[in-house]
Each structure stands twice: as structure tokens, then as C-alpha cells.
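Q: compute the structure for the input listed below.
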Amino acid sequence: MRLTVVGCSGSYPGPDSPASCYLLEAEHEGRTWRVVMDLGSGALGALHRYADPLQIDAVVLSHLHADHCLDLCGYHVLRRYHPTGPAPILPVYGPEGTADRMAHAYDLPLEPGMKEEFDFRVWPTEPVVIGPFTITAVPVVHPVPAYSLRVEADGRTLGYSGDCAPCDGLSTAVAGVDLLLAEASFEEGADNPADLHLTGKECAELAIEAEAGQLVLTHIPPWHDPAVVHAEAAALWNGPLSLAKAGAVYEV
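A: Alright, predicted model coming up:
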């Protein structure tokens, strides 16, 4: 499968990137399937550079903080009012309450809210199959209901931490992955709140525990120097290591 970084800025859009958004693509049944993983603040506009927004097969959300889901508001407008006519209803997987949260975000009545554009589905306990992708959502520790995502396609596996603190769920979601996409919002030595985010060091420890093929650090807030986070991870992790950048493409 192919991973394209649409947005990787942590907590809010930064000067060089929108907030969290990742495009997954894989071939299946004679065509390219496309899944958008998170659609954070500012990401919808950038998505146009990499794919036709009307040719997306599903959106999957790790959690409902604005930097991971808020551009569903603009996507609702695009799919409802595009000059080619209303687009088919699109599956959107997320935590319980996603439909109501997005309706409130755009000041819509709860019924129908955005349900004429999106088929909102709560993450089940079993894996979800979308074309060539098998996606498992594993609950993790964060101030709101949140999930790490394990994505399998064509015998390859990607693990996406979403936003979370170190926890058993995260370890389960990323065990043995070929590519670990891990958020590194915190720096070591700071007075970091508990049960919220990972540091670069913790991402490296996670990659070692998971025996991951490669580690990609993402979700670094604009107030931090990415080089510091990278150095924290590089001090422990000897495998392939990179900082996510908008537009970067990884073949998994």
C-alpha cells in the first residue's frame, strides 16, 4: 500500500503542514482504493493535491479532537454541493458520537446532520474491511475516546498511533508492523501531562518493542523543533527513521 502524508502538524495546522491527515492507497479489483485516515484542520484543501476528494472510499478517524476530524465540515459541503451533483454517501468510521459531534461543529440539526453525505459507523471490536484494506481500531489512552489503527493490505501492515500515551492497546495495535507512524508531540524532560501523548524516545521504545520495519515520527506541534524529537528517537532506534512531512510518500 502507499501512504501519503497530507498533513502532519500536531494540535493545529502549522506553517508547513495542515493538521493530521494521511491518504492510504492500494490496488484491488482493477482499481485504486483510497482511504483517508483522519481529516484534521486545514487538510481538505491539501488533499486535492494527491487525490480527487470525490474518489475516496472511506474516512477513518482515530478520535474527535479538531486537529484530527474538523475538516469533515468542509468535506460535507464539497460532497453536498459539488457542481457534479451530490456524491454517494461515504462511510466514516470513528468513535461513538461522531455524527452528533460533526453536526454540532457545523451548527446543523442533529437530524439529518451530515448523514446525507456520510454513513457514520462506530468502530466495532472486529476488523473492518474496505476494499483491499483490513483496519483494526484498538482503544488507547487519551483524554477522549481514541483509537490506534492497524491497517493491513497485500500482506503488509501499517500501524498508526493516533494520539495516545504509552499503553497496552497501542502496543497491540502496532506489533510487528512494517511501518510505524507514531505521534511525537512531547519532548523528554518537560513537565508533560500524563496520559496524553508520546515523546520521540517513547516512539523509539515502541518501535523496538514492536519490531517495526521503519519508524515515521508525526504530529509534532509547531512550537517544538522536530530535530529535537528526531534526535530523541535516533538515540535508541537504529532502524529506518524519518520525520513526516506534508507530501511525503511511503511504499509500505
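Q: what stretches of the chain score poorly on pLDDT?
A: Low-confidence segments of the chain, defined by pLDDT under 70, are absent.
Q: which parts of it are strands?
A: For the chain, applying DSSP state E gives strands covering 2-7, 21-28, 31-39, 58-60, 90-94, 118-122, 128-130, 133-140, 146-153, 156-160, 179-183, 215-218, 241-243, 249-251.
Q: export those strands as a markdown table, with columns for mean neighbour count.
A: To be clear about C-beta, it is placed using only N, CA and C from the backbone, and glycine gets the same treatment. Shown next, in a markdown table, are those (neighbours: other Cβ atoms under 10 Å):
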| stretch | mean neighbour count |
| --- | --- |
| strand 2-7 | 24 |
| strand 21-28 | 21 |
| strand 31-39 | 22 |
| strand 58-60 | 24 |
| strand 90-94 | 22 |
| strand 118-122 | 18 |
| strand 128-130 | 16 |
| strand 133-140 | 22 |
| strand 146-153 | 25 |
| strand 156-160 | 24 |
| strand 179-183 | 27 |
| strand 215-218 | 26 |
| strand 241-243 | 17 |
| strand 249-251 | 13 |
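Q: for the ones you listed, which one sits closest to Asp100?
A: Among the strands of the chain, the nearest to Asp100 by Cβ to Cβ is strand 118-122 (9.0 Å).
Q: contacts for the closest one next, please.
A: Applying Cβ atoms under 8 Å, 6 or more residues apart in numbering, the contact partners of strand 118-122 are 59, 72, 76, 79, 89-96, 98-99, 102, 114.
Q: got it, and stretch 6-15?
A: Counting by Cβ under 8 Å, 6+ apart, 16-23, 36, 40-43, 46-47, 49-50, 66-67, 183, 185, 218-222, 224, 244-246 sit against stretch 6-15.
Q: mind listing what's buried along that stretch?
A: Within stretch 6-15, the residues that count as buried by 16 or more other Cβ atoms under 10 Å are Val6, Gly7, Cys8, Ser9, Gly10, Ser11, Pro13, Gly14.
Q: export the strands of the chain as JSON lines, with columns for distance to Pro193.
A: As requested, these are exported to JSON lines (distance: least, Cβ to Cβ, whole Å):
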{"stretch": "strand 2-7", "distance to Pro193": "23"}
{"stretch": "strand 21-28", "distance to Pro193": "25"}
{"stretch": "strand 31-39", "distance to Pro193": "21"}
{"stretch": "strand 58-60", "distance to Pro193": "26"}
{"stretch": "strand 90-94", "distance to Pro193": "24"}
{"stretch": "strand 118-122", "distance to Pro193": "27"}
{"stretch": "strand 128-130", "distance to Pro193": "31"}
{"stretch": "strand 133-140", "distance to Pro193": "16"}
{"stretch": "strand 146-153", "distance to Pro193": "15"}
{"stretch": "strand 156-160", "distance to Pro193": "22"}
{"stretch": "strand 179-183", "distance to Pro193": "14"}
{"stretch": "strand 215-218", "distance to Pro193": "19"}
{"stretch": "strand 241-243", "distance to Pro193": "23"}
{"stretch": "strand 249-251", "distance to Pro193": "30"}
